[in-house]
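below: sequence and its predicted model.
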2 protein chains.
Amino acid sequence: MQVIEKQSGAAFKMKKGQLLKVVDPLGEQVSDMVVFNAEDVREKISSGKTLDYEESILITKGNYIWSNRSNKMLEILEDTNGRNDFLLAPCSPETFKIMYKNTGYHPSCFENLHTNLAKYGIEPDDIPTAFNIFMNVRFDSFGRITVKPPQSKAGDYIMFEAKMDLIVGLTACSAEDSNGGSFKPIHFEVLD
Amino acid sequence: MQVIEKQSGAAFKMKKGQLLKVVDPLGEQVSDMVVFNAEDVREKISSGKTLDYEESILITKGNYIWSNRSNKMLEILEDTNGRNDFLLAPCSPETFKIMYKNTGYHPSCFENLHTNLAKYGIEPDDIPTAFNIFMNVRFDSFGRITVKPPQSKAGDYIMFEAKMDLIVGLTACSAEDSNGGSFKPIHFEVLD
């Protein structure tokens, strides 16, 4: 298992057919994930295409994550928690200014994604809406959104299968409200 | 009023402070909209940032449409119908293959956006999830999505104010299920 320390991130490559296991080791910790085609990083995960093809806002076991070019990028093979979010963009420095009224520096998933992905030629403007693993975003019939603490317990995990060669960015999320008020690590491993 | 013929599109510039009125002249017709910063087209509308800052899936009068760089791009001043979608990506050639089992050519919002926006240096991979005006996407508490005919009646309109200099792409949507089974024009005008 590799460790993403609290409020940090990682980026790595995966081959088609490999599995990615993302674990919440202590519980109540979100991990934002973005994924790019390793051969052409202009192809990347698309919330809009995924929600359309999967006909669901809630993406879990049995669903695929699709690209902006309408290709399958990942299949979700297992999901012991079962609640993820694909509505909200990664928390960014502006998130903390606008929503948290924070005036100083604050770590963010956006920074932790683009700084780790820079080695693959991916720039800040290239970061799409992330697949937010374990994130517990509730919505009512009026469309109102509230972010609640994750329902994930220590050891909950999600397992993906890569449907093409991929570059993956992954974080241990830095937003207070998304993680039950405390920041914890995320563990992951790539399996053949 | 300018006319977007059925199953086609348009692209144009707006100055900060100008108004854009988009009208459904016959009723039950969707118009997909994408918007870019006229000074730097790498800044564009973001569903993920908008839903996060507006704390709602349903974006209507009083809401702003935000960019991937966390700037306000548009304010919605009026919305006589009141139901729009910001979950689903524009219909593309692949939409009709995958969801409609259509094997031949089919017009699409994606094609009508990128071909009209090409004159501004915008490429197909640059097209984000659109703000789908008049689109009636229903969702339940399990997250299941169904696309219903628009509730818009003849003459319903939405009015936006530009919060920066913008490039706008706009369509009369080409997807059968999104438009009550028939294709109609969209009217628009830019006002000082």
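Now that the structure is in, tell me what you want to look at.

show me which helix or strand of chain A is least confident by mean pLDDT.
Every helix and strand in chain A was compared by mean pLDDT, DSSP states H and E; the lowest is helix A:93-98, with a mean of 95.

which residues sit against it?
Outside helix A:93-98, the residues that touch it by CB atoms under 8 Å, 6 or more residues apart in numbering or on different chains are A:102-103, A:105-106, A:108, A:110-111, A:175, B:52-53, B:69-70. Where you see a C-beta, it was placed from the backbone N, CA and C, and this is true even at glycine.

quick check: residue A:108 vs residue B:167, distance?
Plainly put, residue A:108 is 28 Å away from residue B:167 if you go by CB to CB, to the nearest Å.

same question, residue A:62
From residue A:62 across to residue B:167, the span is 39 Å (CB to CB).

for the two, indicate the residue with more neighbours.
The neighbour comparison of residue A:62 against residue B:167 (other CB atoms under 10 Å in any protein chain shown) goes to residue B:167, with 21 against 11.

who's in contact with residue A:153?
Residue A:153 neighbours (CB under 8 Å, 6+ apart): A:24, A:27, A:81.

who's in contact with the second one?
It refers to residue A:27. Residue A:27 sits in contact with A:150, A:152-156, A:184, where contact means CB under 8 Å, 6+ apart.

tell me which of those residues is nearest to chain B?
residue A:150 (16.5 Å; CB to the nearest CB).

contacting residues around the closest one?
A:24, A:27-30, A:81, A:83, A:134-136, A:178-180.

so it, which of the three states?
Put simply, residue A:150 is coil when judged by DSSP: H, G, I helix; E, B strand; the rest coil.

quick check, pLDDT for it.
Listed pLDDT for residue A:150 reads 98.

just the ones in strands from the contacts of residue A:27, please.
residue A:156 (DSSP state E).

chain B versus residue A:133, what's the distance?
Separation of residue A:133 from chain B (CB to the nearest CB, to the nearest Å) stands at 15 Å.

one more: residue A:114?
Residue A:114 sits at a distance of 12 Å from chain B (criterion: CB to the nearest CB).

repeat for residue A:138
9 Å.

in space, what's closest to that residue - neighbours in sequence excluded?
Among residues not flanking residue A:138 along the chain, residue A:146 sits closest, at 5.0 Å (CB to CB, 6 or more residues apart in numbering or on different chains).

given the regular element (helix or strand) spanning the one you found, what are its sheet partners and their directions?
Using DSSP states H and E, the secondary-structure element containing residue A:146 is strand A:145-148. Counting by DSSP bridges, the strands paired with strand A:145-148 are strand A:136-139 (antiparallel).
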